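> starting from these lines, generate the structure:
(2 chains)
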Amino acid sequence: DIQMTQSPSSLSASVGDRVTITCQASQDVINYLNWYQQKPGKAPNLLIYGASDLETGVPSRFSGNGSGTDFTFTISSLQPEDIATYYCQQYNYVPITFGQGTRLEIK
Amino acid sequence: QVQLVESGGGLVKPGGSLRLSCAASEFTFSDFYMSWMRQAPGKGLEWVSYISRNGRTTHYVDSVKGRFTISRDNAKNSLFLQMSSLRAEDTAVYYCARLRGEGYNYGQADFWGQGTLVTVSS
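Now for the predicted structure:
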């Protein structure tokens, strides 16, 4: 199975900060990589698909980059409503696998 | 707006069975792959299974192979997950999700249901 390793596991930042989360795959997943946001008690929400494509309706402060085994997810200017846990997910191989999540808090 | 509504969760004893359902609306159900994901209490997300548009292709995570069966009824816009030989480690919120993709790669879960809790305990 493809292991997805996210870093950091948790992150505290201030409103307006630039925030970056990394995701490393144990094998090449090309660009079959998504990013999700999950708020407490809610289902996940797709933000970025295909490593760098912004899902319709998602604010442009969210972005993704990378290919192969190394990926980044960035919030350009953190907003209070961005408090959530973020997950990367690969779908180049079955089983589809998720990273362990990054919990983002406001400082 | 796309809607996915899961049902069928509950408390079941180890070794028991349960059938989850997901009712889909406001999109052409037969045009999409569908999936079940789960999330154990306080834990991360885990993909469980997915099924192709016509139901002929299915895949499972190893931990549920031989115990869970995914199926769909395109005439009734419904997705199912038959779970048997349930274990304590299957305790989780189970989500159904619509999948987008292309070629051999279907994994963009663009709409999710609200989830249904399955608790396996004696």
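> now for the residue of chain B most remote from its centre: which residues touch it?
The outermost residue of chain B, judged by C-alpha distance from the chain's mean C-alpha position using CA atoms, centre = their mean, is B:Ser122 at 23.5 Å. Taking CB atoms under 8 Å, 6 or more residues apart in numbering or on different chains, we find B:Ser122 in contact with B:Lys13, B:Pro14. Bear in mind the C-beta positions are built from the backbone N, C-alpha and C, glycine included.
> try 10 Å
The contact partners of B:Ser122, by CB atoms under 10 Å, 6 or more residues apart in numbering or on different chains, come to B:Leu11, B:Val12, B:Lys13, B:Pro14, B:Gly15, B:Gly16, B:Ala88.
> now list the buried members of those residues.
When burial is judged by neighbour count using 16 or more other CB atoms under 10 Å in any protein chain shown, the buried members of the contacts of B:Ser122 are B:Val12.
> what does chain B put close to chain A?
Residues of chain B lying close to chain A (CB under 10 Å from any CB of the partner chain) are B:4, B:6, B:35, B:37, B:39, B:43-50, B:59-63, B:65, B:93, B:95-97, B:99-115.
> which of those residues fall in strands?
Where these overlap with strands, as defined by DSSP state E, the overlap consists of B:4, B:6, B:35, B:37, B:39, B:45-50, B:59-60, B:93, B:95-97, B:99-102, B:105-112.
> now chain B against chain A: closest residue?
Of all residues in chain B, B:Gly107 sits closest to chain A, at 2.2 Å by CB to the nearest CB.
> skipping adjacent residues, who's closest to that residue in space?
Of all residues beyond its chain neighbours, the one nearest B:Gly107 is A:Tyr91 (2.2 Å), with distances taken as CB to CB, 6 or more residues apart in numbering or on different chains.
> wait, isn't the one you found in contact with B:Leu99?
Yes: using CB atoms under 10 Å, A:Tyr91 and B:Leu99 qualify as a contacting pair, with a distance of 8.5 Å.
> those two: which is more packed in?
Just comparing A:Tyr91 and B:Leu99: by other CB atoms under 10 Å in any protein chain shown the higher neighbour count belongs to A:Tyr91, 26 against 21.
> which ones are touching that one?
A:Tyr91 makes contact with A:2, A:29, A:32-34, A:49-50, A:97, B:47, B:50, B:99-101, B:104-109 under the criterion CB under 10 Å, 6+ apart.
> and for B:Gln114?
Contact analysis of B:Gln114 by CB under 10 Å, 6+ apart lists A:Gly41, A:Lys42, A:Ala43, B:Gln3, B:Leu4, B:Val5, B:Glu6, B:Val93, B:Tyr95, B:Cys96.
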